[in-house]
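Trainee: dropping a prediction and its sequence here:
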Amino acid sequence: MLVLVAPGQGAQTPGFLTPWLELPGAADRIAAWSDAIGLDLAHYGTKADADEIRDTAVAQPLLVAAGLLSAAALGTGTSAAAAAWSPGVVAGHSVGEFTAAAFAGVLDDTAALRLVRTRGLAMAEAAAITPTGMSALLGGEPEVTVPHLEKLGLTPANVNGAGQIVAAGTLEQLAALEADKPEGVRRVVALKVAGAFHTHHMAPAVAKLEEAARALTPAAPTTRYVSNKDGQVVTDGAEVVARLVGQVANPVRWDLCMETFQELGATAMIEVCPGGTLTGIAKRALKGVATVALKTPDDLDAARTLIAEHAAV
């Protein structure tokens, strides 16, 4: 059974979209999505520097577009080139949940991009209220790390499994964490994000996203969709969208998502572009599960081989 996953913010790097735009039809698809959301995705994915694509309002739709584009190259997604195969499970980390919602048919590609554009703008506005950020903690045990973070006023915003927790809060709180690491934590690594996502700092963004979501008519998922909220499979389209909205200000439980993958019998995982983060975690936490990360189109053949061996047809 194959799991198709989409990464979250921080996975983007300058120029990462360039080789994907060389694929047949890719540039036209990106141009159409750019027009739909009022953002030049091709420019930001090929020419913009690291600071430009760190902007939350840019990074989020750019990541979703890249995920959809790379999945379409495999023959999956909700676009015209419908698939001859389908994953057994779809999921995304943070903003990657919007990509996954499109994979599952809950939203079409354009609707997902429009909603995530609203999300990015609203979260950027919320992040501007107070200087905040996020840092990954490498090593340590959750039962020790989480109380330590709470003592410093920080939120365990991403519980990723495999010994990785991401803390979020003000820059002062993160500096205090750097100076006072929890027992067992080897390193504290600042992430390429522009705010304390999945915390109370993002509460102002929730109302704006709720308003945008009211205009949508979500469909029931066509494949199993696993939610960041609690790692549960969600079978109602409206509930998927409600969770997308609420997740902005609540922690990501990727550890619970991976537990569900195991319970459902996952044997392989493909991470769409810009892949690497989630397959890296899976190699440590999902022993025996084969993985492929779509970093460039050169990875498509390996992914197709995995599909032939593990996916439903």
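Mentor: Ah, there it is.
Trainee: use CA for all of it now, contacts and neighbours both
Mentor: Will do.
Trainee: where along the stretch 201-313 of the chain do the strands fall?
Mentor: Counting by DSSP state E, counting those that start in this stretch, the stretch 201-313 of the chain has strands at residues 224-226, 233-234, 268-271, 290-293.
Trainee: helices of the stretch 101-250 of the chain, residue ranges please.
Mentor: Ranges of helices within the stretch 101-250 of the chain are 109-127, 142-151, 171-179, 203-213, 237-246, based on DSSP state H, counting those that start in this stretch.
Trainee: could those helices go into TSV alongside distance to residue 226 and mean neighbour count?
Mentor: Compiled in TSV, these are given as follows (distance: least, CA to CA, whole Å; neighbours: other CA atoms under 10 Å):
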stretch	distance to residue 226	mean neighbour count
helix 109-127	17	22
helix 142-151	22	15
helix 171-179	30	16
helix 203-213	19	18
helix 237-246	9	20
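Trainee: Serialize the ones you listed to TSV and add fields for distance to residue 311 and mean pLDDT.
Mentor: Below are these laid out as TSV (distance: least, CA to CA, whole Å; pLDDT from 0 to 100):
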stretch	distance to residue 311	mean pLDDT
helix 109-127	22	96
helix 142-151	34	94
helix 171-179	42	96
helix 203-213	32	95
helix 237-246	23	97
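Trainee: ok, the closest residue to residue 41 other than its chain neighbours - contacts?
Mentor: Excluding its sequence neighbours, the residue lying closest to residue 41 (CA to CA, 6 or more residues apart in numbering) is residue 34, at 5.6 Å. The contact partners of residue 34, by CA atoms under 8 Å, 6 or more residues apart in numbering, come to 40-42.
Trainee: also residue 275?
Mentor: 6-7, 11, 293-295.
Trainee: do the same with residue 50
Mentor: By CA under 8 Å, 6+ apart, the contact set of residue 50 is 13-14.
Trainee: can you check residue 248 too?
Mentor: The contact partners of residue 248, taken as CA under 8 Å, 6+ apart, are 94, 197-199, 202-203, 205-206.
Trainee: now do residue 307
Mentor: Listed by CA under 8 Å, 6+ apart, the contact set of residue 307 reads 2, 85.
Trainee: and it, how far from residue 224?
Mentor: Per CA to CA, to the nearest Å, residue 307 is found 17 Å from residue 224.
Trainee: check residue 95 too.
Mentor: To residue 224, residue 95 is 18 Å away according to CA to CA.
Trainee: same check, this time on residue 90
Mentor: Note on residue 90: its distance to residue 224, by CA to CA, is 6 Å.
Trainee: that older thread, looking at the strands of the stretch 201-313 of the chain, which is buried most?
Mentor: Highest mean neighbour count of the strands of the stretch 201-313 of the chain: strand 268-271, a mean of 27 (counted as mean count of other CA atoms under 10 Å).
Trainee: walk me through which strands that strand pairs with, and which way each runs.
Mentor: Its sheet considered, strand 268-271 pairs with strand 2-6 (parallel), strand 290-293 (parallel) by DSSP bridges.
Trainee: out of those, flag the one nearest residue 20.
Mentor: Nearest of the strands paired with strand 268-271 to residue 20, taken as CA to CA: strand 290-293 at 14.1 Å.
Trainee: contacts for the closest one?
Mentor: By CA under 8 Å, 6+ apart, the list of residues contacting strand 290-293 reads 267-276, 279, 282-283, 299, 302-303, 306.
Trainee: so how far is it off the chain centroid?
Mentor: Offset of strand 290-293 from its chain centre (CA atoms, centre = their mean, to the nearest Å): 16 Å.
Trainee: what about it, average pLDDT?
Mentor: The average pLDDT within strand 290-293 is 97.
Trainee: how about that strand as CSV, C-alpha atoms only?
Mentor: Output of strand 290-293 as CSV, limited to C-alpha atoms (Å, rounded to 0.1, in the frame of the first residue of the first chain):
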residue,chain,number,x,y,z
ALA,A,290,10.2,2.1,0.8
THR,A,291,10.5,5.8,0.0
VAL,A,292,11.1,8.1,-2.9
ALA,A,293,11.3,11.9,-2.7
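Trainee: who are the contact partners of residue 273?
Mentor: By CA under 8 Å, 6+ apart, the contact list for residue 273 reads 6-7, 63, 66-67, 70, 293-296.
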